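Participant: Next come a sequence and a model predicted from it.
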Amino acid sequence: MKKTAIVTGGGRGIGYAIVRALGRDGMNIVLMGTGPEERYENALLELTKEGISWHYVQGSIASDEDRNRLCAECLEVYGRADVLVNNAGVAPLERKDLLEMTEESFDRVIGINTKGTLFLTQMIARQMLTQEKLFPSRGHIVNVGSCSAEVSSPNRGEYCISKAGVHMLTLLFADRLAGEGIFVNEVRPGVIATDMTSTVREKYDRLIGEGAFPVSRWGKPEDVAQMVAFYASDKVLYTTGSFVDVDGGFHIRRL
Ligand code: NAD
């Protein structure tokens, strides 16, 4: 019996690397993204070539209707959900000083990164509890947080707040679900080369050049995916509510 994993934002970037890693670990994959399936045609074709079974759902985690559809299609195609990776997330459309941040941008970023993640987790956790226990764990939930949960960037405060919220979600669900056999953990990327960071490439190139990151290179989506795959596996059965930094040592305070 294969496990089934839901990966939000799985069509590109970190999410796609997670999809590949979990697929290679033998899981069926349900991916969700905001774009139409054709946008990810090549990436999805690669999965098929690798023998990974997948199902794509277009929609937003911020929409109750879309979350319901994601869950329904996952059950329709694979019959159960064993792993949820909350990877989908957005940066502010425009970086603005904290004193200029708009309510509109705050609502958008929190609505997707924090509220969407919260209610999707609630829905899938409830689903996991109705399923027959076939594996050593009843389920694994892995949240893709960010170093921004703790690192201040006053020109994208809404993002930092949204990821601090994701950390509390990790703790809350870990606490609530531990007795049910569902494990909830978090992976915190630092600076990873994806579309999300393409607009600030020069800034981070410079910071890396100046030695801001002990491991002096850009992070790769695969660096994050390996850690997510570990947390999503049944190698992890006594760890919950924890997080791992995948940031080249960026979190180390230096003197
Ligand atoms: P990306 O922009 O390349 O990909 C994001 C994916 O999420 C896309 O596939 C998009 O379709 C999907 N998505 C966006 N909004 C969605 C929504 N409302 N519903 C469903 N899917 C949605 O970003 P990435 O760099 O791969 O980031 C993935 C995750 O990692 C995000 O949560 C991000 O905050 C986090 N992160 C990234 C970095 C980095 O340096 N790239 C650092 C720390 C944390």
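Facilitator: That came in fine, so what should we check first? Residues are numbered from 1 along each chain as shown.
Participant: Please count neighbours and contacts with C-alpha atoms only from this point.
Facilitator: Fine.
Participant: Per-residue pLDDT of Lys49, please?
Facilitator: Note for Lys49: predicted pLDDT of 98.
Participant: And it, its phi and psi?
Facilitator: phi -60, psi -30 (degrees, to the nearest 10).
Participant: now the one 5 residues further on
Facilitator: Its backbone dihedrals place Trp54 at phi -140, psi 160, with angles given as degrees, to the nearest 10.
Participant: Excluding chain neighbours, give the residue nearest to Arg67 in space.
Facilitator: Ile61 (5.7 Å; Cα to Cα, 6 or more residues apart in numbering).
Participant: And what about that neighbour, helix, strand or coil?
Facilitator: coil (DSSP: H, G, I helix; E, B strand; the rest coil).
Participant: Spit out the contact partners of it.
Facilitator: Thr8, Arg67, Ala88, Ile112, Gly116, Thr117, Leu120 (Cα atoms under 8 Å, 6 or more residues apart in numbering).
Participant: just Pro214 next, same as before
Facilitator: If you count contacts by Cα under 8 Å, 6+ apart, then Pro214 has Gly248, Gly249, Phe250 around it.
Participant: follow-up on the earlier one: among the contacts of Ile61, which are in helices?
Facilitator: Of the positions in these, Arg67, Thr117, Leu120 sit in helices, assigned by DSSP state H.
Participant: What is the burial count for the first one?
Facilitator: Neighbour count for Arg67, taken as other Cα atoms under 10 Å: 23.
Participant: wait, doesn't Val142 sit right on Ala174?
Facilitator: No: if you go by Cα atoms under 8 Å, Val142 and Ala174 don't touch, sitting 10.3 Å apart.
Participant: if you count what's nearby, which of the two comes out ahead?
Facilitator: Val142 (27 against 23).
Participant: pLDDT at Ile161, what is it?
Facilitator: At Ile161, pLDDT is 98.
Participant: how about it, phi and psi?
Facilitator: Torsion angles, degrees, to the nearest 10, at Ile161: phi -60, psi -40.
Participant: Settle this for me: it is touching Ala149, isn't it.
Facilitator: Yes: using Cα under 8 Å, Ile161 is in contact with Ala149, at 6.7 Å.
Participant: Start from the N-terminal end of the stretch 151-255 of the chain and give the helices.
Facilitator: 157-177, 201-209, 221-231 (DSSP state H, counting those that start in this stretch).
Participant: How about the shortest one, which residues are buried there?
Facilitator: Spelled out, that is helix 201-209. Using 16 or more other Cα atoms under 10 Å as the test for burial, helix 201-209 gives Arg201, Tyr204, Ile208.
Participant: got a list of what Tyr159 touches?
Facilitator: By Cα under 8 Å, 6+ apart, the contact set of Tyr159 is Val90, Ala91, Pro92, Val109, Ile110, Ser148.
Participant: If we check the ligand, which of these are in contact?
Facilitator: Taking Cα under 6 Å from any ligand atom as the test, the ligand is in contact with Val90 out of the contacts of Tyr159.
Participant: As TSV, the contacts of Tyr159 with neighbour count would be great.
Facilitator: Converted to TSV, the contacts of Tyr159 look like this (neighbours: other Cα atoms under 10 Å):
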residue	neighbour count
Val90	16
Ala91	18
Pro92	17
Val109	25
Ile110	24
Ser148	19
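Participant: now the contacts of Tyr159 in a markdown table, with distance to Asp195, pLDDT and secondary structure?
Facilitator: Listed next are the contacts of Tyr159 as a markdown table, based on distance: Cα to Cα, whole Å; pLDDT from 0 to 100; DSSP: H, G, I helix; E, B strand; the rest coil:
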| residue | distance to Asp195 | pLDDT | secondary structure |
| --- | --- | --- | --- |
| Val90 | 11 | 98 | coil |
| Ala91 | 11 | 97 | coil |
| Pro92 | 13 | 98 | coil |
| Val109 | 17 | 98 | helix |
| Ile110 | 20 | 98 | helix |
| Ser148 | 17 | 98 | helix |
